[in-house]
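Asker: A structural model of the following input is requested.
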Amino acid sequence: MTSQVYERRRRDLSPFYRHQSEVSFFTGPPHCAALFPQSCLRPHSEARQLTVQMMQNPQILAALQERLDGLNGSPSGYMESLPKVVKRRVNALKNLQVKCAHIEAKFYEEVHELERKYAALYQPLFDKRSDIVRAAYEPTDEECEWKVDEEEELTEEMKEKAKLEEEKKDEEKEDPKGIPEFWLTVFKNVDLLSDMLQEHDEPILTHLQDIKVKFSDPGQPMSFTLEFYFEPNEFFTNTVLTKTYKMRSEPDESDPFSFDGPEIMSCTGCTIDWTKGKNVTLKTIKKKQKHKGRGTVRTVTKTVPNDSFFNFFSPPEVPENGELDEDSEAILAADFEIGHFIRERIVPRAILYFTGEAIEDDDDEYDEEGEEADDEEGEEEADEENDPDYDPKKDAAPPAECKQQ
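Answerer: This next block holds a predicted model:
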């Protein structure tokens with residue numbers, strides 16, 4: 001499969017950078033759709049989990065691509081029947097569409113610059129968040145005040161009781177520093193990320209102090225880098241682990257009509273300098289081998305890859321010819337999804353994923369969609385009842401004696 005086909009199928013999930021494989025309910029102009037956030041990744045969504053599992057199945061991907069290849073460029077018959085003079089005008093419109101694609105590409109380039117500009121404005125707030133999490137700064141009483149809705153307010157009696165219990169708990173245990181296990185809790189609260197976590201990853205992620213997003217400099221090829229900051233720990237010597245995603249925002253000359261925003265071209269991780277015996281991405285197994293001739297048995301020790309969140313920093317490399325095996329394609333597809341989710345959702349709204357409020361919002365969106373679907377079904381039933389031609393006898397089950405044996 002060519003890299004171009006692969007890139008078109010896997011697109012990021014941000015409001016500005018959309019997967020072409022994603023189903024969009026916005027029917028306006030493409031450049032306007034970019035201004036409407038689409039919550040494409042909703043943690044706690046069975047549908048999303050099923051989709052991810054399906055998109056990681058090489059057989060399903062191959063069958064889907066074969067189907068798409070069969071449909072791509074297929075003539076409808078209508079175009080062939082048009083008079084030659086009309087076909088000429090249609091070609092003129094297609095040339096206009098190509099020019100639109102190039103203008104749209106410029107739009108996304110400016111969006112990237114706008115994101116980079118506002119990232120600098122957000123960063124002081126994110127830095128202060130990091131200082132509070134790692135106990136480098138203690139917020140003032142005024143900063144800690146949070147106005148709750150009237151519905152959530154407790155009665156004076158319950159407030160007093162809660163205050164006494166809290167004071168008692170504070171006396172029983174030491175005063176914790178900052179917000180312990182902040183990022184680990186965020187990861188565990190998000191299905192997309194918790195699915196990556198293994199038990200042996202958790203002690204390491206307790207040392208994760210911050211995650212930052214860095215955009216490429218003006219005039220440089222479009223890209224962004226995720227930076228994971230760790231305090232000194234026993235597992236590796238790195239203080240920062242990085243993951244860079246390179247993008248392209250220009251129509252493909254061989255297929256300009258497929259352009260729908262920036263495409264991820266590749267991603268690169270970093271080398272983790274593991275302390276001896278602490279590399280959780282590898283495991284040692286013992287295997288028994290029997291000699292065919294003598295029948296003797298020996299035990300062989302072998303080092304093999306191990307499931308771990310930290311494999312995220314060692315993605316498959318895209319070869320120069322762009323050809324990838326199906327397993328590597330599936331891994332990269334999931335990788336791109338995770339990278340953009342961290343960039344667009346986790347970093348800007350980390351506290352809401354820590355408390356679970358962002359997850360509740362995602363669930364509420366699904367509930368609303370479900371209610372709309374129920375309403376539509378109800379309308380259909382009502383229409384049937386009001387239809388003068390509707391004959392309920394036709395829908396009735398056949399008598400028992402008429403059932404086939």
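Asker: What separation do you get for residue 101 and residue 113?
Answerer: 19 Å (Cβ to Cβ, to the nearest Å). The C-beta positions use only the backbone N, C-alpha and C, and glycine is treated the same way.
Asker: ditto for residue 261
Answerer: Residue 261 sits 15 Å away from residue 113 when distances are taken as Cβ to Cβ.
Asker: mind checking the SS state of residue 110?
Answerer: In three-state terms, and counting by DSSP: H, G, I helix; E, B strand; the rest coil, residue 110 is helix.
Asker: follow-up on the earlier one: who has more neighbours out of residue 101 and residue 113?
Answerer: The neighbour comparison of residue 101 against residue 113 (other Cβ atoms under 10 Å) goes to residue 101, with 18 against 15.
Asker: what about that one, distance to residue 114?
Answerer: 20 Å.
Asker: Residue 103 too?
Answerer: Counting by Cβ to Cβ - residue 103 and residue 114 are separated by 16 Å.
Asker: and if you look at residue 246?
Answerer: 19 Å.
Asker: which of those two has more neighbours?
Answerer: A count of neighbours by other Cβ under 10 Å puts residue 246 above the other of residue 246 and residue 114, at 17 against 11.
Asker: What are the contacting residues of the helix or strand where that one lies?
Answerer: Taking DSSP states H and E as the criterion, residue 246 maps to strand 240-248. Residues outside strand 240-248 that contact it (Cβ atoms under 8 Å, 6 or more residues apart in numbering): 7, 17, 221-230, 262-270, 272, 310, 312-313, 315, 336, 339-340.
Asker: That strand pairs with which strands, parallel or anti?
Answerer: Partners of strand 240-248 in the sheet, by DSSP bridges, are strand 223-230 (antiparallel), strand 263-268 (antiparallel).
Asker: Adjacent strands (with direction) for the helix or strand that the shortest one is followed by?
Answerer: To tie it back to what came earlier, the one meant is strand 263-268. Next helix or strand after strand 263-268 toward the C-terminus (DSSP H and E): strand 282-290. Each strand paired with strand 282-290, and its direction, by DSSP bridges: strand 297-305 (antiparallel).
Asker: Name all residues that make contact with residue 205.
Answerer: Contacts of residue 205 (Cβ under 8 Å, 6+ apart): 181, 183, 184, 187, 197, 309.
Asker: My guess is the fifth one contacts residue 310. True?
Answerer: No: using Cβ atoms under 8 Å, residue 197 makes no contact with residue 310, being 10.2 Å away.
Asker: In terms of neighbours, single out the busier of those two.
Answerer: Using other Cβ under 10 Å, the more surrounded residue of residue 197 and residue 310 is residue 310, with 23 against 16.
Asker: Number of residues surrounding the closest residue to that one other than its chain neighbours?
Answerer: Counting by Cβ to Cβ, 6 or more residues apart in numbering, residue 310 lies nearest to residue 281, which is 5.4 Å off, once chain neighbours are set aside. As a burial measure, residue 281 scores 19 neighbours (other Cβ under 10 Å).
Asker: my guess is residue 281 meets residue 304, correct?
Answerer: No: taking contacts as Cβ under 8 Å, residue 281 lies outside contact range of residue 304: 10.4 Å.
Asker: then stretch 222-241 to PDB, C-alphas only?
Answerer: Extracted in PDB, the C-alpha atoms of stretch 222-241 (Å, rounded to 0.1, in the frame of the first residue of the first chain):
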ATOM      1  CA  MET A 222       4.700  21.800   9.500                       C
ATOM      2  CA  SER A 223       5.100  19.600  12.600                       C
ATOM      3  CA  PHE A 224       4.500  19.400  16.300                       C
ATOM      4  CA  THR A 225       6.400  17.700  19.200                       C
ATOM      5  CA  LEU A 226       5.000  16.200  22.400                       C
ATOM      6  CA  GLU A 227       7.500  16.600  25.300                       C
ATOM      7  CA  PHE A 228       7.100  14.400  28.400                       C
ATOM      8  CA  TYR A 229       9.000  15.800  31.400                       C
ATOM      9  CA  PHE A 230      10.100  13.400  34.100                       C
ATOM     10  CA  GLU A 231      11.700  14.100  37.500                       C
ATOM     11  CA  PRO A 232      14.900  12.100  38.300                       C
ATOM     12  CA  ASN A 233      14.000   8.500  38.800                       C
ATOM     13  CA  GLU A 234      15.500   5.000  39.000                       C
ATOM     14  CA  PHE A 235      14.200   3.800  35.600                       C
ATOM     15  CA  PHE A 236      16.000   6.000  33.000                       C
ATOM     16  CA  THR A 237      18.300   9.000  32.900                       C
ATOM     17  CA  ASN A 238      16.300  11.100  30.400                       C
ATOM     18  CA  THR A 239      14.600  14.200  31.900                       C
ATOM     19  CA  VAL A 240      12.500  14.700  28.700                       C
ATOM     20  CA  LEU A 241      11.100  12.100  26.200                       C
END
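Asker: list the buried ones in it?
Answerer: 222-230, 233, 235-236, 238, 241 (16 or more other Cβ atoms under 10 Å).
Asker: on that earlier part again, in contact with the residue nearest to residue 310, which residues are there?
Answerer: 272, 305, 306, 308, 310, 311, 314.
Asker: Done for today, thanks.
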